[in-house]
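1. no FASTA, just this:
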């Protein structure tokens, strides 16, 4: 019978182990579900015959947790968890979050800031000669010198900062298998400098030939122009077919990134997702209230990896990559059937998705042999003429899953690219999406309406969203469905001045869209948008880009997007006056806010979402 991997010395002894091959340290609670990177990597190693102990959320204030398993035979594997530890701890306003979805009971503070570095240094002090391999999102996105929003400065590669021996970037299954097998054969960690999808550091005198060299840490720290140049190189070479080795000097050390590991094939993905996951959190967390992060994914299926959408503010392109691969239909159906047997299953599969739910193959045939086009996007500002938009296989999968015994409904919640959907000449998927796979409302991400801002985001222009919304409501009506469209919107993205924020507010008002939530742009490591935010330059044109950094201006932009909320009136009026848009202040239909000189009607209250006002919310077409 399958069981959780050892989480303490007692578990290890019960298995008859004197020593673990690897101790896997994670900043998340231990959840054995394939939506959690820790579960995948540990199960992959287990399947290859290695003994793995899991040390989740160790107390970094003492050594007790770090020594409980003793010295592993082959090494320590360290990750911050599913997300960057700084993002887990702080809002975009740099305020402490009140909860952590990847911690028992949602409790905050169970992992340190910059968890990878803290854990690695603790292990290095205790076991100076034991290999340390770091990976996961935090390590992957910080593999080069990078702007750190929370410190507001450029920090060195996390490989050097943490003192680790090797860094795995991207999805790490094949990297960790090769590392483990070669260590097991007796190779030294210092000899493992030829593995794709990894980063290592050597004395500058040992710098390998070939590849491309980025501006150095000292240069990117002192020159924003040099930082922008480095960011473009790092992004452009993130391709497993045409990408080159990248080097970046850090003082007397050279950080070297090997070319990317090819993404897993369909057969490899099927194998990874067939491993014996228990699909829940460790029972030791039950008394603490469980782990909230499992709720959204308990009855969800991941069918693909990679995203050729390549939005500039998204980390997927720099982590998973833009090349799309997918599981077989048979593998997905097998997992769906298994879900119907689990305790708590009520007939609803919450998602068959991934980074972008409706991608099943590379965007064109050329990618398969030449890689993705350097410096270009497949979908923005307009879809490439070579784009192959085909939903037929995905549609077959959805049909087969929704007809399984015990399945009442299959939803798609991980998001679709509506611009890609519109390019499919066959509208059967669109119609069946609306009829069968929307849970009352569909969330999509136009993000903005200004072409200038959308170009900096790497998103399609707003005309695509308008066309999509018209067809969505038409198809919903034809299916006799009273459904909603919820647009994700972002304020203060690089390129957005108050004028662009006003343009978006007017668009929202014209279309009777009242967003309940607005995401303020969050500069996270490793994205092109963060490079723009820090440098004020577009790394692909080297032209200046306006970036709202003042908290008060950011608050004004955010308030404009929720123009309907009376509580935002002072900020909106201030923004309109600053932008000299006096024509939008007053009582007429086209105004965004009443003048402060005019007394508000008695009893006026801030807008609150409720059933009575629902017909005006979320972009639903009023009939």
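-> Everything's here; your move. Everything numeric here is computed off the predicted structure, so don't read it as measured data. Numbers count the residues shown, from 1 in each chain.
2. which non-adjacent residue is nearest residue 44?
-> Nearest residue to residue 44, sequence neighbours excluded (CB to CB, 6 or more residues apart in numbering): residue 173, at 5.2 Å. Yep, even glycine has a C-beta here, placed from its N, CA and C like the rest.
3. can you check residue 372 too?
-> residue 322 (5.0 Å).
4. follow-up on the earlier one: wait, what's in contact with the residue nearest to residue 44?
-> 40-41, 44, 264, 268, 272 (CB atoms under 8 Å, 6 or more residues apart in numbering).
5. which one among these gets closest to residue 374?
-> Residue 374 lies nearest to residue 264 out of the contacts of residue 173, by CB to CB, at 23.3 Å.
6. contacting residues around that closest one?
-> Contact analysis of residue 264 by CB under 8 Å, 6+ apart lists 171, 173-174, 272, 305, 325.
7. relative to residue 242, how far out is it?
-> Here the distance between residue 264 and residue 242 works out to 19 Å (CB to CB, to the nearest Å).
8. likewise for residue 541?
-> 22 Å.
9. neighbour-wise, which of these two wins?
-> residue 242 (14 against 9; other CB atoms under 10 Å).
10. distance check, that one against residue 141.
-> Distance, residue 242 to residue 141, using CB to CB: 22 Å.
11. what of residue 251?
-> Distance of residue 251 to residue 141, given as CB to CB: 22 Å.
12. neighbour-wise, which of the two wins?
-> Taking other CB under 10 Å, residue 251 and residue 141 do not tie; residue 141 has more neighbours (20 against 11).
13. wait, isn't the more buried one in contact with residue 315?
-> Yes - in this structure residue 141 lies within contact range of residue 315 using CB atoms under 8 Å: 5.6 Å.
14. quick one: common contacting residues for the two?
-> With CB under 8 Å, 6+ apart, residue 141 and residue 315 have common neighbours 524-526.
15. restricted to buried residues, select these in ChimeraX.
-> Here is the ChimeraX command that selects the buried residues among the shared contacts of residue 141 and residue 315 (16 or more other CB atoms under 10 Å):
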select :524,525,526
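16. now pLDDT too, for the shared contacts of residue 141 and residue 315, in TSV please.
-> Formatted as TSV, the shared contacts of residue 141 and residue 315 follow (pLDDT from 0 to 100):
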residue	pLDDT
524	97
525	96
526	94
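17. restricted to strands, list the shared contacts of residue 141 and residue 315.
-> Counting by DSSP state E, the shared contacts of residue 141 and residue 315 place none of their members in strands.
18. excluding its backbone neighbours, what's nearest residue 330?
-> For residue 330, ignoring the flanking residues on the chain, the nearest one in space by CB to CB, 6+ apart is residue 270 at 7.7 Å.
19. all strands of the stretch 101-250 of the chain, in order?
-> 132-134, 146-148, 153-155, 166-168, 198-203, 212-213, 246-250 (DSSP state E, counting those that start in this stretch).
20. meant to ask about the stretch 301-450 of the chain
-> Using DSSP E, counting those that start in this stretch, the strands of the stretch 301-450 of the chain run over residues 304-305, 325-326, 348-349, 351-353, 409-410, 441-447.
21. Throw these into TSV and include mean neighbour count, mean pLDDT and distance to residue 478, thanks.
-> Below are the strands of the stretch 301-450 of the chain laid out as TSV (neighbours: other CB atoms under 10 Å; pLDDT from 0 to 100; distance: least, CB to CB, whole Å):
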stretch	mean neighbour count	mean pLDDT	distance to residue 478
strand 304-305	23	96	29
strand 325-326	23	98	30
strand 348-349	18	97	24
strand 351-353	22	96	24
strand 409-410	18	97	20
strand 441-447	21	94	16
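22. distance to residue 238 for these - can I get that in CSV?
-> Formatted as CSV, the strands of the stretch 301-450 of the chain follow (distance: least, CB to CB, whole Å):
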stretch, distance to residue 238
strand 304-305, 14
strand 325-326, 15
strand 348-349, 32
strand 351-353, 22
strand 409-410, 33
strand 441-447, 22
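23. what separates residue 41 from residue 473, distance-wise?
-> Taking CB to CB, one finds residue 41 at 44 Å from residue 473.
24. quick one on the thing from earlier: Throw the strands of the stretch 101-250 of the chain into CSV and include mean pLDDT, thanks.
-> Below are those laid out as CSV (pLDDT from 0 to 100):
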stretch, mean pLDDT
strand 132-134, 98
strand 146-148, 98
strand 153-155, 98
strand 166-168, 98
strand 198-203, 98
strand 212-213, 98
strand 246-250, 98
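25. residue 311: which of these is closest?
-> For residue 311, the closest of the strands of the stretch 101-250 of the chain is strand 146-148, at 18.2 Å, according to CB to CB.
26. output the contacting helices and strands for that closest one.
-> If you count contacts as 3 or more CB pairs under 8 Å, 6 or more residues apart in numbering; DSSP states H and E, strand 146-148 packs onto strand 153-155, helix 528-535.
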